[in-house]
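Enquirer: What shape does this take:
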Amino acid sequence: MSDAHGGHRPEGDTAEPRPPRPSDGARRRDRRDETRAALLAAAERLWAERGIHGASLDDIAAAAGLTKGAVYSNFAGKTDLLLTLMERFTSDPAHTDVCDELHAAEKDSAPTGRSSARHAPDDRPRQLALLLVEFWLYGMRDYAAGWRIADWYAERRARLASQLDPAHALTPDDRATLTMALDFGLAFQHLLDPTRVPTNLYKTGKALMQGRPHH
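Expert: This is a model prediction of the structure:
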């Protein structure tokens, strides 16, 4: 048996099979997924930095290195892009833990003293908090987005309530609602003003709410 250069390949030696080439359809799907991911990443960053009404579809397309036509070939418009980003954002619990410092302080795994400086503008928890506030504000003004956000809060409360017991005439649902109010409310205050809203307040607030002694 001769090889491609006229030599003889040992008996039984066969050429290595080539991996199958992706079909045109698969390549188009991959490109589409990459385009959507780039647009969603750009929207997340710009809407956190400038607000939903402060960054246009042109701005988002340019930040993603694409044209505005790429936006409309993947999303029906700004609301569709927003709802898609919101779905991705809220389906991942890691995306909505806007202040890990508070939970670390509750477990005594972080210093509980007062912070000395505000968070940097590009700090990830701050960016997530800004985006979550933008979703909330948009949902207060837009019916479709508002219901999606309300459903997300309800789902999160239900998951939390399933892990809690009644305490001091409060049902698990009530305790979950109050815990989320503490989570988000204190996180937003701490991210804005870490010097006067230290992380140890979270542990204290949880103890008061749950009727446990605190120090």
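
Enquirer: Kindly check the end-to-end length of stretch 51-62 for me.
Expert: The first and final residues of stretch 51-62 sit 17 Å from each other (C-alpha to C-alpha, to the nearest Å).

Enquirer: contact partners of it?
Expert: Stretch 51-62 is contacted from outside by 39, 42-43, 46-47, 49-50, 67-68, 70-71, 77-78, 81-82, 134, 137-138, using C-beta atoms under 8 Å, 6 or more residues apart in numbering. (C-beta placed from N, C-alpha, C; glycine too.)

Enquirer: quick one: which of these sit in helices?
Expert: The members of the contacts of stretch 51-62 that map onto helices under DSSP state H are 39, 42-43, 46-47, 49-50, 68, 70-71, 78, 81-82, 134, 137-138.

Enquirer: mind checking which helix or strand of the protein has the lowest mean pLDDT?
Expert: For the chain, using mean pLDDT, DSSP states H and E, the weakest element among its helices and strands is helix 100-106, scoring a mean of 65.

Enquirer: Domain map for this structure?
Expert: For the chain, whose domains are defined here by automatic domain parsing, the residue ranges read 24-75, 92-215.

Enquirer: wait, which of those is closest to Met86?
Expert: Nearest to Met86 among the domains of the chain is domain 92-215 (5.6 Å), distances taken as C-beta to C-beta.

Enquirer: Centre of the chain to the closest one, how far?
Expert: Taking C-alpha atoms, centre = their mean, to the nearest Å, one finds the center of domain 92-215 at 14 Å from the center of the full chain.

Enquirer: got any ranges where this protein has weak pLDDT?
Expert: Per-residue confidence of the chain (counting by pLDDT under 70) places the weak regions at 1-22, 24, 92-101, 103-122, 209-215.

Enquirer: What subset of the ones in helices among the contacts of stretch 51-62 is buried?
Expert: Leu39, Ala42, Ala43, Leu46, Trp47, Ala70, Val71, Lys78, Leu81, Leu82, Glu134, Tyr138 (16 or more other C-beta atoms under 10 Å).

Enquirer: from what I can see the fourth one touches Ala63, true?
Expert: Looking back up the chat, that one is Leu46. Yes. Counting by C-beta atoms under 8 Å, Leu46 sits close enough to Ala63 to count as a contact (5.8 Å).

Enquirer: Take the domains of the chain and write them to TSV, including distance to Met86.
Expert: Shown next, in TSV, are those (distance: least, C-beta to C-beta, whole Å):
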stretch	distance to Met86
domain 24-75	10
domain 92-215	6
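
Enquirer: Got phi/psi on Val197?
Expert: Summarising the backbone geometry of Val197 under the convention degrees, to the nearest 10, its torsions are phi -130, psi 80.
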